[in-house]
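A.B. asks: A structural model of the following input is requested.
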Amino acid sequence: MKPRTTRRPTLDLSLSVDEAIEAAEALWDTYDLAEDTGIERYIAELADQCDAADVGTIGELGEKASEIIKEWAHVTSLTAYTDRESAVHINTARHTIHVLLLSAALHRREDAAVLLAGLPSVVGRSTNKRRHLDGVEVLLLRLEALRRALKGGAGARNASQYVLVEVGATTSEIEHVALADFDNHERPHTIAFCGNGNDVGPRTRPLAPWATHVMSLTLSEHVRMHGDASDRPIAYYTDGASNNPQAAAAVCTNLARAMIDLGIGKGPHRPEPHSILRWRLKAIRESQGIDAAVEASGRPSATALYTFLTMQEPRKSVAKRKKRLGSMLGQ
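C.D. replies: Below is the predicted model of the structure:
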């Protein structure tokens, strides 16, 4: 069956910034997208910057985006090498503008592609692949997943890949996820992951409200295109073969490409798909405690979770190192 293809009108450039914010907030409320992202303070900062720059419409916001980002980050150049903190501010400002325009367009059923393509290029964040994403980056990816889910067709598979990673799946588990793993494919609230046969065990995870919304759309599209066979993978197209090493690689490639397209990192130090999961596990650890984070990760211990989050083994305590050094010296 052919995917749904509906051409949407271009986002109205005369829409005021205040109206765009109202539309964005309405979308976030409808799909519960803003959970744990802290986007409200960034939008408030953007509104203040627009007032200071005498920007009244989203068309003017697009034209003066460079000026607004520079003022926000207190820099004179958006592409020159700068310190890490300034680079974070530059990227946060650009992401916030992107979030606002894309959110308003999705709520109004319009297309923001022209405005988004005109946003300025900025310097990458000076960081490494081990970092977790921050809230505005997560919201950008959620919005992109929602956009693809609403569009339907093969893009719905890519939308489900992002949802599953943020919910807690490893990329090697995603190829195995099928309709039977959800408690209800029309309105799913939990999902059973199979584990990866190595350091992550089987577990059942709840879906956050935003994930339920997006997965409802993607599962509906899956059934429309492929029928309701309970064992057919929903996030990776396959002829039925399992344990395909290309599957995890394809998921990683799709998620990495989405992050690059959204401007989340660039060059050799851009975050990896596991940065999404690291953000989720960090949020669980901070809100529910370390035991809940270990359970959500499927890993056997807090030490194993620490290794995943930091990509390094835990350091021995100073006291243990001193004791060992003393024994080596015969003291």
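
A.B. asks: any low-confidence regions in the stretch 151-300 of the chain?
C.D. replies: The stretch 151-300 of the chain contains residues with pLDDT under 70 at 237-248, 265-269.

A.B. asks: One more pass at 80, please.
C.D. replies: 197-198, 229-231, 236-250, 265-273 (pLDDT under 80).

A.B. asks: The stretch 1-150 of the chain now?
C.D. replies: Applying pLDDT under 80 to the stretch 1-150 of the chain flags residues 1-8, 125-130.

A.B. asks: ranges for the helices of it?
C.D. replies: In the stretch 1-150 of the chain, the helices defined using DSSP state H, counting those that start in this stretch lie at 17-31, 39-52, 58-63, 65-73, 84-108, 113-117, 135-151.

A.B. asks: looking at those, which is closest to residue 203?
C.D. replies: Closest to residue 203 of the helices of the stretch 1-150 of the chain is helix 135-151 (CB to CB; 21.5 Å). Bear in mind the C-beta positions are built from the backbone N, C-alpha and C, glycine included.

A.B. asks: List the buried residues of that closest one.
C.D. replies: 135-151 (16 or more other CB atoms under 10 Å).

A.B. asks: With stretch 179-190 instead?
C.D. replies: Those would be 179, 181-182, 185, 188, for stretch 179-190 by 16+ other CB under 10 Å.

A.B. asks: Check stretch 103-113 too.
C.D. replies: Buried residues in stretch 103-113, defined by neighbour count with 16+ other CB under 10 Å: 103-108, 110-112.

A.B. asks: Closest one to residue 215 out of these, please.
C.D. replies: For those, the nearest to residue 215 is residue 106 (17.1 Å; CB to CB).

A.B. asks: so the closest one touches residue 28, yeah?
C.D. replies: No. Counting by CB atoms under 8 Å, residue 106 stays clear of residue 28, with 10.1 Å between them.

A.B. asks: Using JSON lines, please lay out the helices of the stretch 1-150 of the chain together with distance to residue 213.
C.D. replies: Formatted as JSON lines, the helices of the stretch 1-150 of the chain follow (distance: least, CB to CB, whole Å):
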{"stretch": "helix 17-31", "distance to residue 213": "5"}
{"stretch": "helix 39-52", "distance to residue 213": "17"}
{"stretch": "helix 58-63", "distance to residue 213": "25"}
{"stretch": "helix 65-73", "distance to residue 213": "29"}
{"stretch": "helix 84-108", "distance to residue 213": "12"}
{"stretch": "helix 113-117", "distance to residue 213": "23"}
{"stretch": "helix 135-151", "distance to residue 213": "8"}
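
A.B. asks: To residue 125, which of the ones you listed lies closest?
C.D. replies: helix 84-108 (4.9 Å).

A.B. asks: Does anything pack onto the closest one? Which helices or strands?
C.D. replies: helix 17-31, helix 39-52, helix 58-63, helix 65-73, helix 113-117, helix 135-151 (3 or more CB pairs under 8 Å, 6 or more residues apart in numbering; DSSP states H and E).
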